[in-house]
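# Task: produce atomic coordinates for the following.
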Amino acid sequence: MLVQKVKYNLGLTRARPQFGRFTYTEKMGYFALLWGTLVIVVTGLALWFEVPFLNGFPFWGFELATVVHDYEAILATLAIVV
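As a prediction, this is how the structure comes out:
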């Protein structure tokens, strides 16, 4: 469906794409919600259980979890505000 929509928008086809109950943009939105929740939970657990996490991973992994958690939280907040 996405490919058909891009072709239609570029004028490569005259047939308007037909969608079912949900369009691809709505499906991507729900997938983003699930993905964002998973990222926040995993990185949050790494930050919450700092010592056990650092026993199994290098320090840069902890720093990466911190940065990813922060940016995902900002992204989620902006998505709610917008």
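# where does the closest residue to residue 4 other than its chain neighbours land in three-state SS?
With C-beta to C-beta, 6 or more residues apart in numbering as the criterion, residue 4 has its nearest non-adjacent residue at 3.9 Å, and that residue is residue 17. Bear in mind the C-beta positions are built from the backbone N, C-alpha and C, glycine included. Look at residue 17: counting by DSSP: H, G, I helix; E, B strand; the rest coil, its state is coil.
# measure residue 46 to residue 58 for me?
From residue 46 across to residue 58, the span is 12 Å (C-beta to C-beta, to the nearest Å).
# confidence score at the spatially most central residue of the chain?
Central residue of the chain (C-alpha atoms, centre = their mean): residue 32, 4.0 Å from the mean position. pLDDT for residue 32: 88.
# before we move on, the earlier item: which one's more surrounded, residue 46 and residue 58?
Just comparing residue 46 and residue 58: by other C-beta atoms under 10 Å the higher neighbour count belongs to residue 46, 21 against 9.
# Hmm, the more buried one is touching residue 52, no?
No. When contacts are counted by C-beta atoms under 8 Å, residue 46 is not listed as touching residue 52 (9.2 Å).
# Could you point out the longest helix of the protein?
In the chain, taking DSSP state H as the definition, the longest helix is helix 24-48.
# Beyond that helix, next helix or strand please.
Tracing the chain past helix 24-48, the next element assigned as helix or strand by DSSP states H and E is helix 50-56.
# If you count contacts, what does that next one end up packed against?
For helix 50-56, the packing partners by 3 or more C-beta pairs under 8 Å, 6 or more residues apart in numbering; DSSP states H and E come out as helix 24-48, helix 59-81.
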